[in-house]
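# Sequence and predicted structure, then a few things I'm wondering about:
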Amino acid sequence: EAGVAQSPRYKIIEKRQSVAFWCNPISGHATLYWYQQILGQGPKLLIQFQNNGVVDDSQLPKDRFSAERLKGVDSTLKIQPAKLEDSAVYLCASSSNKRDVGYTFGSGTRLTVV
Amino acid sequence: DAKTTQPPSMDCAEGRAANLPCNHSTISGNEYVYWYRQIHSQGPQYIIHGLKNNETNEMASLIITEDRKSSTLILPHATLRDTAVYYCIVRPRLGGKLIFGQGTELSVKP
């Protein structure tokens, strides 16, 4: 099966600019996650979707971050305005409700805010 | 969610078994032990998970102590491509978030 697709692979922006990341999960996976991974740390969950509804966004900085998953498939994560501390890799993952083989992660988008 | 404790780094000689320990003394009865690894510049990759019994798949073996307070991930014949950060995570099998700690950075050396 095809993996989780993310784009872009890299992005450099200036602080206060906006940026958006895109994720296409594995076909049929109902659950989608966005993680933030700062250099040297483990991934931190930002938001979890079940189909097109939000299950958990308790760690999402809602003053500047937003995410949506229209039609329960693709998802976008947006940051507006970006801060220097948002520099990180943003990982998307998906999982199936039917078979528990863990999450499948994409390769991530590396964001650098200058 | 139960917390895990792992050594920050380990070395292993190529071809030898790599044994990665994890302590999870506060694990509850319905929580599984999951292992993921993250190779540089890639997303985390699922390796294996278990509840009570030892588990084996094509990638690794998972040994869980009888009291379930600790576990060991075994890579039987480590290769240079196994160099990665390995994360031990406890979570309910169905639902429940994957919460990553710092993991163990495994370096496999020739």
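Good, I have the coordinates.
# residues from chain B in reach of chain A?
Residues of chain B found near chain A, taking Cβ under 8 Å from any Cβ of the partner chain as the criterion, are B:34, B:36, B:41-46, B:49, B:85, B:87, B:93-94, B:97-103. Just so you know, the C-beta spots here come from the backbone N, C-alpha and C atoms, and that holds for glycine as well.
# Return the subset of those residues lying in strands.
The strands in this structure, assigned by DSSP state E, contain B:34, B:36, B:45-46, B:49, B:85, B:87 from these.
# show me the contacts for the residue nearest to the spatial centre of chain B.
For chain B, the residue nearest the mean C-alpha position is residue B:35 (3.6 Å; Cα atoms, centre = their mean). Shown in contact with residue B:35 (Cβ atoms under 8 Å, 6 or more residues apart in numbering or on different chains): B:20, B:22, B:47-49, B:60, B:62, B:73, B:86-89.
# among the residues of chain B next to chain A, which ones are buried?
B:34, B:36, B:43-46, B:49, B:85, B:87, B:97-100, B:103 (16 or more other Cβ atoms under 10 Å in any protein chain shown).
# Can you tell me which one of those sits lowest on pLDDT?
Minimum pLDDT across those is recorded for residue B:97, with 80.
# which residues touch that one?
Neighbours of residue B:97 in contact, by Cβ under 8 Å, 6+ apart: A:45, A:48, A:56, B:1, B:91.
# can you list the residues of chain A near chain B?
Proximity of chain A to chain B (Cβ under 8 Å from any Cβ) is limited to residues A:4, A:33, A:35, A:41-45, A:48, A:56, A:91, A:93, A:100-108.
# PyMOL command for the buried members of those?
Of these, the buried ones can be selected in PyMOL as follows, counting by 16+ other Cβ under 10 Å:
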select buried, chain A and resi 4+33+35+42+43+45+48+91+93+102+103+104+105+106+107+108
